[in-house]
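Q: Make a model of this:
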Amino acid sequence: MHMGIIGAGGWGSALAVSYANAGWKVTIWAHNVETASEINERHTNCNYLPGVDFPHNIKATASFEFLQEEKIVLLMTPAQHIRSVVKEAKQFFNPEAVIVHGAKGIERGSLKRISEVIKEETAGAFPVLVLSGPTHSEEVARQMPTACVLAGNNQLLLKEMQNQLMLPSFRIYTSEDAIGVEIGGSLKNVMAIATGIADGIGYGDNAKGALVTRGLAEMAKLGVRMGANPLTFAGLSGMGDLIATCTSSHSRNRQAGIALAQGKSLNDIQNSSKMVVEGAFTASAAYKLGLKYEVELPIVREVVAVLEGLKSPAEIAGLLMTREAQEELNYLLQS
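A: The predicted structure is shown next:
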């Protein structure tokens, strides 16, 4: 068995290690030659997955030509780079390829979901599935128990890919709600920034519980208005990923929120690491989607204000707490 992976960041590298350890022959594309050389020669990727040894049946390359032989392609680059990567790689895709993307974000300029971007760039020539859920790369690479969801609109293909890709430590469920899975995976990063801000200010568990719960409400409100199944947000790509991202020390988005609360600028945070803080890019896109679909997203709105330097982290807490009184579950009836 063999597969191709596009993206040698933490997520792509973790999947490469997991499938290689399970006996797959894996070829992984890195955007720079230095990373590819490190994986091939030292069998490590210190910038993106430190402390993990790469099996020798992983081959890294900075060329897309290997894709001609791959019928399973895992597309694991950051959301805002998906379009440019697919534009360059698509000429090499095998005609029978199935593309599985794991990007958690919304394209800022177009406000499109990532599966829409891929289909647009490839003129719908390939089936596109979405892999999402609470999947910290540090744990996946070390074969710690992980469950995720694979979404698409072809039930037979979903079942086939589920059977091929599921591993003893990497359990995959299927869903036909790609909209809900992508919206959940994208907005949970924005909510993680919010909970990080609360942690950085010094608020307690009560505040975090409120942010996670009301954050889930915002995710569901927007997703349902866009055509998602509300139950999806109670699943792995909704509540599951939200809990993991808002509480974990692994979460780059939560750590970014903590840093913002400590007075660091977004530029300083982004320049301090090679890893991408997806929520910082998704926040403004999510806010604009809320305006487009006439959905109020107060947490998203205030995170955007902090990211753009319009409000201080301490200021937004007071604004969220003093909003007009509401019934808790009314959002479920407004979609």
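Q: Give me the neighbour count for Lys311.
A: 16 (other C-beta atoms under 10 Å). C-beta here means a position set from N, CA and C on the backbone, and glycine is covered the same way.
Q: which non-adjacent residue is nearest it?
A: Sequence neighbours aside, Ala305 is the residue nearest to Lys311 in space, at 4.1 Å (criterion: C-beta to C-beta, 6 or more residues apart in numbering).
Q: can you tell me the average pLDDT over the host helix or strand of that neighbour?
A: According to DSSP states H and E, Ala305 maps onto helix 298-307. Taken as a whole, helix 298-307 has an average pLDDT of 96.
Q: same thing with stretch 67-84?
A: Here stretch 67-84 scores 97 as its mean pLDDT.
Q: Now Thr174: which helix or strand?
A: Using DSSP H and E, Thr174 falls in strand 170-175.
Q: For the next helix or strand after that strand, C-alpha coordinates in PDB please.
A: Downstream of strand 170-175, the first helix or strand assigned by DSSP H and E is helix 178-201. This file holds the C-alpha atoms of helix 178-201, laid out as PDB (Å, rounded to 0.1, in the frame of the first residue of the first chain):
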ATOM      1  CA  ALA A 178     -18.900  18.100   4.900                       C
ATOM      2  CA  ILE A 179     -20.200  21.600   5.500                       C
ATOM      3  CA  GLY A 180     -20.600  21.000   9.200                       C
ATOM      4  CA  VAL A 181     -17.300  19.200   9.600                       C
ATOM      5  CA  GLU A 182     -15.400  22.000   7.800                       C
ATOM      6  CA  ILE A 183     -17.200  24.800   9.700                       C
ATOM      7  CA  GLY A 184     -16.600  23.100  13.000                       C
ATOM      8  CA  GLY A 185     -13.000  22.400  12.300                       C
ATOM      9  CA  SER A 186     -12.400  26.000  11.200                       C
ATOM     10  CA  LEU A 187     -14.300  28.000  13.900                       C
ATOM     11  CA  LYS A 188     -13.000  25.900  16.800                       C
ATOM     12  CA  ASN A 189      -9.600  27.600  16.200                       C
ATOM     13  CA  VAL A 190     -11.100  31.000  16.700                       C
ATOM     14  CA  MET A 191     -12.700  29.800  19.900                       C
ATOM     15  CA  ALA A 192      -9.400  28.500  21.100                       C
ATOM     16  CA  ILE A 193      -7.900  31.900  20.700                       C
ATOM     17  CA  ALA A 194     -10.700  33.300  22.900                       C
ATOM     18  CA  THR A 195     -10.200  30.700  25.600                       C
ATOM     19  CA  GLY A 196      -6.400  31.300  25.400                       C
ATOM     20  CA  ILE A 197      -7.100  35.000  26.000                       C
ATOM     21  CA  ALA A 198      -9.200  34.100  29.000                       C
ATOM     22  CA  ASP A 199      -6.400  31.900  30.400                       C
ATOM     23  CA  GLY A 200      -3.800  34.600  29.800                       C
ATOM     24  CA  ILE A 201      -5.900  37.200  31.700                       C
END
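Q: all strands in the stretch 101-250 of the chain, in order from the N-terminus.
A: Assigned by DSSP state E, counting those that start in this stretch, the strands in the stretch 101-250 of the chain fall at 128-132, 146-151, 170-175.
Q: Tell me the predicted confidence for Ser318.
A: Careful, residue 318 is Gly and not Ser. Gly318 is assigned a predicted lDDT (pLDDT) of 79.
Q: How many residues are close by it?
A: Neighbour count of Gly318, defined by other C-beta under 10 Å: 8.
Q: residue contacts, it?
A: If a contact means C-beta atoms under 8 Å, 6 or more residues apart in numbering, then Gly318 has no contacts.
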